[in-house]
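[1] Got a predicted structure here, sequence first:
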Amino acid sequence: MTAAALRAAALVCTLQTCVALSARAACSPCAPQAEPLKWIIVGGGPHGVHIATALLQQVPGVTTDNLRIVDDNPELLHAWKTRTRDVGMSHLRSSASNHLDVREDALKKYAAETCGKDCCRPGKKSVFAADYMRPRLDLFNDHCDDVVKRHKLRESHIRGMVSDIVPGAITSLRVRRTDGLVDLRAENVVLALGGGAPAYPEWVCQTAVSRGLIRHVFETSSEGGDSVAIIGGGISAAHLALRHSRAGAKVHMVFRHDMREQSFDCHQDWMMTRDASARTGFIPERQLAFAGVESFDERRDIIRRERLAGTMPASVSRGRNGLRYAIEKGAVRHHKADVEQMVLDGDGVSLTLTTGAEIHVDRVLLATGFSKKPPGAGLVERMVRKSDLELCSCGYPAPDKYLRWGDVYVAGALAELELGPSARNIAGARLAAERIVEGALLRRV
Ligand SMILES: Cc1cc2nc3c(=O)[nH]c(=O)nc-3n(C[C@H](O)[C@H](O)[C@H](O)COP(=O)(O)OP(=O)(O)OC[C@H]3O[C@@H](n4cnc5c(N)ncnc54)[C@H](O)[C@@H]3O)c2cc1C
């Protein structure tokens, strides 16, 4: 065996040990890694999984042996699956072309192969909603599992939380695991950390959170009680309100505006991939104009304007048994207000609203989205302190057009200033993967 082969064997051995151990609850620390990996993706959500899939399919030399996805959850896509199940949505908001495989028609083909062509046609049996061919959540998740299985991504998953990164030609990562610290090194690192910390309104007191009386639905289970107050007026809040009212709970919704309908949370032009543009010959004006703006402050303003937070599609508000009808029937009560004050009250919570109304409920569920701070704030700040990386005035990185930020790649919210308002969505994962693959191929030349 040559020295290189011996080194490679040692590498596979230590990393496989690490991966195998990651599946068990108690395990001994992994040995330090001998050779750098080719790719490490930090974050095993839809973005991390899609980028890994695109690299494996499209960049020669990338294999499951030299790529790892680090995520502390017991399985890949855990946060996505938990949150979408907990809000009680039946279909995705996005269309069938937004999925985790590479070819745009992959989800439709998967549906036709697994449940027959009839399931793809409009009608009662369809696994796609008639408007925009939005996939049913169970179909979407089955397809995600199929992508993970076909690309053997479970074998690439290392459980742990990346606590420190030192970027360089070879980037070092410190991973905190239940059994101690592991140091990994890689030629390429992608930060796919998700949307960041859930946003808590100022009036929320910590005692109520620790007692489980106030819950952020992106953080803990959204189980309610006989009565719930749901704070927020977007699609997650709407799904939750319908779910709890169907279960027989008394439901209050608190948000300061009327119901606002939008098919997506940004214009579809922001979602068009370069691949789709090349096929159709249509390059969206919005994307072109955004790319031409040099000031990152101006780009941030465009993102603020174009992201349609606090909206829901017509299918949720006016579709069969939609929220509008639940409010009209009195099954859900909408308070057009803010919360002024909360008081813990026996086993429940009393809220005083800006309208003067007072409501008493068993549980308060926050569907207030994510904090405006960038995801992985501590990690990213430490990286900046230890390197010559810089952040824009809004606290976010300004990567280049291949999403390289110094010596690492960024995706999702961290790539927003380059990709635009759809960066956080599944469409954004596809935009990010295209750019990262393009950058990786160029660096090979
Ligand atoms: C209820 C709901 C419904 C949605 N529906 C749609 C939809 O229909 N269409 C659409 O396009 N978008 C939708 N979105 C928006 C978006 O696509 C999802 O939020 C998606 O999960 C984002 O993927 P992600 O990989 O960026 O983040 P996540 O799914 O949050 O995954 C990020 C992962 O990174 C891990 N991580 C973070 N920091 C570290 C670290 N330091 N070390 C290791 N791991 C780390 C986290 O633990 C997490 O597992 C929805 C969002 C929600 C909440």
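    That came through fine.
[2] how close does the nearest residue to Gly88 once chain neighbours are set aside sit to the ligand?
    Distances taken as C-beta to C-beta, 6 or more residues apart in numbering put Arg243 closest to Gly88, at 3.3 Å, once the chain neighbours are dropped. Using the backbone N, CA and C atoms, a C-beta is placed for each residue, glycine as well. Arg243 is 12 Å from the ligand, where distance means C-beta to the nearest ligand atom, to the nearest Å.
[3] does Arg243 sit in a helix, a strand or a coil?
    helix (DSSP: H, G, I helix; E, B strand; the rest coil).
[4] Number of residues surrounding it?
    19 (other C-beta atoms under 10 Å).
[5] and if you look at Gly45?
    25.
[6] which residues touch it?
    Neighbouring residues of Gly45 by C-beta atoms under 8 Å, 6 or more residues apart in numbering: Asp71, Leu76, Leu77, Ala79, Trp80, Ala192, Gly194, Gly412.
[7] Contact residues of the stretch 51-200 of the chain facing the ligand?
    70-73, 78-80, 83-84, 87, 92-94, 98, 161-162, 192-195 (C-beta under 6 Å from any ligand atom).
[8] Could you list the low-confidence segments of the chain?
    Residues of the chain meeting the criterion pLDDT under 70: 1-33, 222.
[9] And for Phe296, nearest residue in space, chain neighbours not counted?
    Nearest to Phe296 is Cys392, by C-beta to C-beta, 6+ apart, at 4.3 Å.
[10] hmm, I was thinking of Gly322
    Take Gly322 and drop its neighbours on the chain: the residue closest to it by C-beta to C-beta, 6+ apart is Val316, 6.0 Å away.
[11] Spit out the contact partners of that neighbour.
    So Val316 contacts Ile235, Ala238, His239, Leu242, Gly322, Leu323 (C-beta under 8 Å, 6+ apart).
[12] can you put the residues you listed in JSON lines and add neighbour count and distance to Asp338?
    Formatted as JSON lines, the contacts of Val316 follow (neighbours: other C-beta atoms under 10 Å; distance: C-beta to C-beta, whole Å):
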{"residue": "Ile235", "neighbour count": "24", "distance to Asp338": "20"}
{"residue": "Ala238", "neighbour count": "29", "distance to Asp338": "18"}
{"residue": "His239", "neighbour count": "24", "distance to Asp338": "22"}
{"residue": "Leu242", "neighbour count": "23", "distance to Asp338": "22"}
{"residue": "Gly322", "neighbour count": "19", "distance to Asp338": "24"}
{"residue": "Leu323", "neighbour count": "25", "distance to Asp338": "20"}
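[13] Relative to Phe282, which of these is nearest.
    Nearest to Phe282 out of those is Ile235 (C-beta to C-beta; 27.3 Å).
[14] and the closest residue to the closest one other than its chain neighbours, how many residues sit next to it?
    Distance criterion C-beta to C-beta, 6+ apart; nearest residue to Ile235, sequence neighbours excluded, is Met312 at 4.4 Å. Per other C-beta under 10 Å, the neighbour tally for Met312 reads 26.
[15] same thing with Arg274?
    14.
[16] Over to Asp65?
    That count, for Asp65 with other C-beta under 10 Å as the rule, works out to 16.
[17] Can you tell me the element it falls in?
    Per DSSP states H and E: Asp65 is located in neither a helix nor a strand.
[18] what's the distance between it and the ligand?
    Asp65 is 21 Å from the ligand, by C-beta to the nearest ligand atom.
[19] before we move on, back to that, what's the closest of the contacts of Gly45 to the ligand?
    Of all these, Gly194 has the smallest distance to the ligand: 2.7 Å, by C-beta to the nearest ligand atom.
[20] ok, and for the longest strand anywhere in the chain, which residues are buried?
    The residue-count maximum for a strand in the chain (DSSP state E) belongs to strand 180-191. Applying a neighbour-count criterion of 16 or more other C-beta atoms under 10 Å, one finds Val182, Leu184, Arg185, Ala186, Glu187, Asn188, Val189, Val190, Leu191 buried in strand 180-191.
[21] repeat for stretch 220-239
    220, 222, 224, 227-239.
[22] Going by proximity to the ligand, name the top residue of the chain.
    Gly45 (2.0 Å).
[23] Would you list the phi and psi of that residue?
    Backbone dihedrals for Gly45, given as degrees, to the nearest 10, come out at phi -90, psi -170.
[24] Dead centre of this structure: give me the residue that sits there.
    Gly194 (4.6 Å; C-alpha atoms, centre = their mean).
[25] So which residues on the stretch 301-445 of the chain come close to the ligand?
    Gly376, Leu379, Gly412, Arg424, Asn425, Ile426, Ala427.
[26] Make a ChimeraX selection of the buried ones in those.
    The ChimeraX command for the buried members of these (criterion: 16+ other C-beta under 10 Å) is given here:
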select :376,379,412,424,425,426,427
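[27] Can I get the residues of the stretch 301-445 of the chain next to the ligand in a markdown table including secondary structure and distance to Ile303?
    Output for those, formatted as a markdown table (DSSP: H, G, I helix; E, B strand; the rest coil; distance: C-beta to C-beta, whole Å):
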| residue | secondary structure | distance to Ile303 |
| --- | --- | --- |
| Gly376 | coil | 18 |
| Leu379 | helix | 22 |
| Gly412 | helix | 13 |
| Arg424 | coil | 10 |
| Asn425 | coil | 13 |
| Ile426 | helix | 17 |
| Ala427 | helix | 14 |
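[28] Quick check: closest non-adjacent residue to Phe264.
    Distance criterion C-beta to C-beta, 6+ apart; nearest residue to Phe264, sequence neighbours excluded, is Arg93 at 6.5 Å.
[29] re the thing from before, Ile41: which of the residues of the stretch 301-445 of the chain next to the ligand is nearest?
    Lowest distance from Ile41 to those (C-beta to C-beta) belongs to Gly412, with 11.3 Å.
[30] Assess the claim that that closest one and Pro375 are in contact.
    Yes. Contact criterion C-beta atoms under 8 Å: Gly412 and Pro375 qualify, at 7.0 Å.
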